[in-house]
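1. sharing a sequence plus its predicted fold:
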Amino acid sequence: RQAEYAKLVDKPARTVCGTDVSLQINAGLRSDLPQLDTSGADGIGLFRTEFQFLVSATLPRRERQTRLYQSVLEAAGDRPVTFRTVDIGGDKAVPYVSQAGREENPAMGYRALRLALGREGLMKVQARALLDAAAGRTLNVMFPMVSEPWEFDAARALVEEQRRMLGERGRPVPDHVRYGAMFEVPALAEVLPELLERVDFLSVGTNDLFQFLFAADRSHPLLAERYDWLSISALRFLKRIVDAADRAGKPVTVCGEMGGRPLAAMALFALGYRRVSITPAGVGPVKAMVRSLDLQALKPEFDGWLSAGRNMRAALEGWAEMHGVA
Ligand code: PEP
Ligand code: MG
């Protein structure tokens, strides 16, 4: 099927009924960049900046961070890139960044934005590197594991302060900075209006979100298949997010693994999502699905199954087969 997907590289991700969706890729290293062209993706929806830290024996200096971010933006050209600030800690331990000592539950520990806000020096250096790299263009930056709106405010203020300082020194800065929050912690569902009024965009990290929603370790082999991301609870939860984002007029992307699987992506589009950021290998299969999907026909049926609490995976599989969805 690879040859079939290769033919789709320059074709739009447009459904049979004429709805355009955006397929972007997740990346983290320089070596991922060629996949932007080979996959035919619309941009990089999640650039995992901690990868540079994970493969480095010492803290990457600011100049090295800047050079990496510049090469990402160069490779992307006109296509958008969303940088995520470091998601260190949890399963991504970096030996030279001291954490809180041994943790009983590292995934719920002192990680990601929690660590970054506690290690301001680290965050400031990264902010400077991102601002430098995106001088003269738009910088899209998002923060991982936001758990309360004030954490987003604090992170944004930190980046804004660096931007102001660079400007005062006459250094070139980005034309625009767009700030986003990753939606990975279920508590945010109860403060969606407060969060949405602050952010320029949201990005739903379903890997962590479902880990916390189901209280099930995302890397536990015995639990990997137990809780389905097409379960009623997962899908209703995702619906709340996209409905609220639409009402607030804020763009929302799904950047977890879920979006890279055609059947799950079909569910996301039926819920109302229009942007996914996925593993490069998923772009071909998801685009093939999109181009054979009549979303207008699926939507009312899907809504009916969801409110009736049907087995969503079985219903989606059956519908896809009956309607010849790739
Ligand atoms: C996620 O949690 O879904 C996500 C995209 O971030 P990561 O997989 O890097 O934790
Ligand atoms: Mg995550």
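-> Right, received. Where do you want to start? Ligands and ions are numbered 1, 2, ... in the order given.
2. could you list the low-pLDDT ranges of the protein?
-> 98-100 (pLDDT under 70).
3. what pairs with the longest strand anywhere in it, and is each one parallel or antiparallel?
-> Of all segments of type strand in the chain, defined using DSSP state E, the longest is strand 176-183. According to DSSP bridges, strand 176-183 forms sheet pairs with strand 138-143 (parallel), strand 201-204 (parallel).
4. closest to ligand 1 out of these?
-> Ligand 1 sits nearest to strand 201-204 of all the strands paired with strand 176-183, at 7.5 Å, using Cβ to the nearest ligand atom. Placement of C-beta: from N, CA and C, glycine included.
5. so the closest one, near ligand 2 or not?
-> No - judged by Cβ under 5 Å from the ion, strand 201-204 and ligand 2 are separated, with a smallest distance of 9.8 Å.
6. any buried residues in that strand, and which?
-> Residues 201, 202, 203, 204 are the ones in strand 201-204 that count as buried (16 or more other Cβ atoms under 10 Å).
7. excluding chain neighbours, what is closest to the second one?
-> So that's residue 202. residue 252 (4.4 Å; Cβ to Cβ, 6 or more residues apart in numbering).
8. quick one: the helix or strand just after the longest strand of the chain to chain centroid distance?
-> Per DSSP states H and E, strand 176-183 leads on to helix 192-198 as the next helix or strand towards the C-terminus. On the basis of Cα atoms, centre = their mean, to the nearest Å, helix 192-198 sits 18 Å off its chain's mean C-alpha point.
9. now stretch 317-326
-> Per Cα atoms, centre = their mean, the centroid offset for stretch 317-326 relative to its chain is 27 Å.
10. ok and the helix or strand where residue 121 lies relative to strand 138-143, angle-wise?
-> Element membership of residue 121, judged by DSSP H and E, is helix 120-133. In terms of direction (axes from the mean of the first three to the mean of the last three Cα atoms, to 10 degrees), helix 120-133 departs from strand 138-143 by 160 degrees.
11. quick one: helix 120-133 to chain centroid distance?
-> With Cα atoms, centre = their mean, you get 20 Å for helix 120-133.
12. packing partners of that helix?
-> helix 62-76, helix 112-118, strand 138-143, helix 149-168 (3 or more Cβ pairs under 8 Å, 6 or more residues apart in numbering; DSSP states H and E).
13. in that helix, which residues are buried?
-> Burial within helix 120-133, assessed by neighbour count using 16+ other Cβ under 10 Å, is assigned to 122, 123, 124, 125, 126, 127, 128, 129, 130, 131, 132, 133.
14. that older thread, need the phi and psi values for the residue nearest to residue 202.
-> The phi/psi pair for residue 252 (degrees, to the nearest 10) reads phi -140, psi 140.
15. so it sits against residue 200, correct?
-> No - counting by Cβ atoms under 8 Å, residue 252 stays clear of residue 200, with 11.1 Å between them.
16. so for the two, which residue has more residues nearby?
-> Taking other Cβ atoms under 10 Å, residue 252 and residue 200 do not tie; residue 252 has more neighbours (24 against 16).
17. check contacts around the residue of the stretch 51-200 of the chain found nearest ligand 2.
-> Relative to ligand 2, the nearest point of the stretch 51-200 of the chain is residue 184 (5.0 Å; Cβ to the ion). Counting by Cβ atoms under 8 Å, 6 or more residues apart in numbering, residue 184 makes contact with 144, 145, 146, 204, 205, 207, 208, 209, 212.
18. pretty sure the fourth one sits against residue 257.
-> So the one you mean is residue 204. No - using Cβ under 8 Å, residue 204 makes no contact with residue 257, being 11.8 Å away.
19. before we move on, back to that, what's the closest of the helices and strands packed on helix 120-133 to ligand 1?
-> The minimum distance between ligand 1 and the helices and strands packed on helix 120-133 falls on helix 112-118, with 8.1 Å, by Cβ to the nearest ligand atom.
20. that closest one vs ligand 1: in contact?
-> No - using Cβ under 6 Å from any ligand atom, we find that helix 112-118 stays clear of ligand 1, coming within 8.1 Å at best.
21. that helix close to ligand 2?
-> No - shown here: helix 112-118 not in contact with ligand 2 (Cβ under 5 Å from the ion), separated by at least 7.4 Å.
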